[in-house]
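**Q** Take a look and give me a structure for this.
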Amino acid sequence: VETVVREERRAFAYADVVNILRRSPQRRDPPCLYLPRCGGCPWQHLTYGAQLHAKHEIVREHLRRIAGLDVPVAPPLPSPREFGYRQRLKLRVERRAVGFYAAGSHTLVPVEHCLLGARPVDAAIAWAADLVGAVRCAVRRIEVIGCGDGSDDVVMAGEVEGAWVRDDGRRCAAWRAAHPGVAGLMLSGRGWQRVWGDLRVSVSPEPELSLLVHAGSFTQVNPAANQLLVRTVLRLVDPGPDLRVLDLYAGAGNFSLPLARRGATVLAVEQNPRSAADGTANARQLGLAQWRVRCARAERAIEGIVAAGEHFDVAILDPPRRGAAAVLAPLMTLAPPRIVYVSCDPATLARDLRVLAARYRIDRVQPVDMFPHTYHVETVVRASKRSGG
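**A** Numbers count the residues shown, from 1 in each chain. Below is the predicted model of the structure:
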């Protein structure tokens, strides 16, 4: 390739490709009309097999370089769907247009469709644009969420800059009447929130399990790949009636409710009150008395758990992108025999595993491709406490 360097740093540089001199057999023409301007799918020019190989190398290299771990990394589990897999799309808004940012910038690329969106979600992009044009308040982001369970309905949640405009209540009601496929709408700004309809969506961590969660609760964007993720965690935890599990960053129970269904006694820790309430409601609906939740920040909760002298057989970590550094010290004091770490960022995963490796043996690394056509990769790691550790 011919490139032009646009920014140099001490250890690396950013460059733009201006001409491809020889095409790789792994290169393809991206099917998306908005590429290369749109920054949402930077890997669409790679065949899917090449993407999986690259993600395998990313995980392996981060563990080796940052954590100092030379451990086997299993090939990534591919997403069951290469396109149309996203049950949630977060759209940016500028000058009443909706779209995604261009790569490495805050320049909006207006879109009418997204190949990654599931069919109902993709179809609702136009409805989101209608809403942004109809209201007077300044919508800055709007998320479209499929209702799941085979439904064509969606829920929309918009973030607004500034105050609520009173007459927008009438405009939102008229917009909903014109778009009956929108089951629920939420607009929120600093210190205020307005809701129309039902904000609950259905998610299925397992094929035979449906959970109801609200739009404000975190759910994985790729439902089919999430089932692979849950199945992987279940296999590494190996739950049974006598197993005591601590689930940190538990969300609405994506892992802990399937574990409780298999007889494990679970303490879920989740700081978002809405997610904790959704998990409680689903546990009650499923009759899972052995599932309980503590609504608190993970680091504060585990400090209290250690002080109370509680014990667990397995701890599950599923932190946000910044990783789990805040809980590692009390977690190593708690010293569960096994830790299953679910990460969406190989760099922070490797940083945290470097700490855990002082007392734990890393015995399983399984990437899962939740995000085809991007460099993001989910990784599940099992760590077992060393004898005498």
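
**Q** Describe which strands the least confident helix or strand in the chain by mean pLDDT pairs with in its sheet and in which direction.
**A** Lowest on mean pLDDT, DSSP states H and E among the helices and strands of the chain sits strand 13-19, with a mean of 91. Each strand that pairs with strand 13-19, with its direction, by DSSP bridges: strand 2-8 (antiparallel).

**Q** Please put the alpha-carbon coordinates of the strand it pairs with into PDB.
**A** C-alpha atoms of strand 2-8 as PDB (Å, rounded to 0.1, in the frame of the first residue of the first chain):
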ATOM      1  CA  GLU A   2       0.900   3.700  -0.300                       C
ATOM      2  CA  THR A   3       0.200   5.600   2.900                       C
ATOM      3  CA  VAL A   4       0.300   9.100   4.200                       C
ATOM      4  CA  VAL A   5       1.300   9.600   7.800                       C
ATOM      5  CA  ARG A   6      -1.100  12.100   9.500                       C
ATOM      6  CA  GLU A   7       0.000  11.900  13.100                       C
ATOM      7  CA  GLU A   8       3.200  10.600  14.700                       C
END
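
**Q** Run through who's touching that strand.
**A** 13-19, 21 (C-beta atoms under 8 Å, 6 or more residues apart in numbering). Where C-beta positions appear, they are placed from N, C-alpha and C, glycine not excepted.

**Q** Out of those, flag the one nearest to Gln51.
**A** Ranked by distance to Gln51 (C-beta to C-beta), the contacts of strand 2-8 are led by Val17 at 17.7 Å.

**Q** got a list of what that closest one touches?
**A** 1-3.

**Q** Quick check: it vs Val4, distance?
**A** Distance, Val17 to Val4, using C-beta to C-beta, to the nearest Å: 8 Å.

**Q** So the residue minimising distance to the centre of the chain: helix, strand or coil?
**A** Central residue of the chain (C-alpha atoms, centre = their mean): Gln220, 4.4 Å from the mean position. Three-state call for Gln220 (DSSP: H, G, I helix; E, B strand; the rest coil): coil.

**Q** residue contacts, it?
**A** By C-beta under 8 Å, 6+ apart, the residues touching Gln220 are 203, 226, 229, 254, 370.

**Q** Let's see which of those end up in helices.
**A** Here DSSP state H is the test, and the contacts of Gln220 give 226, 229 as lying in helices.
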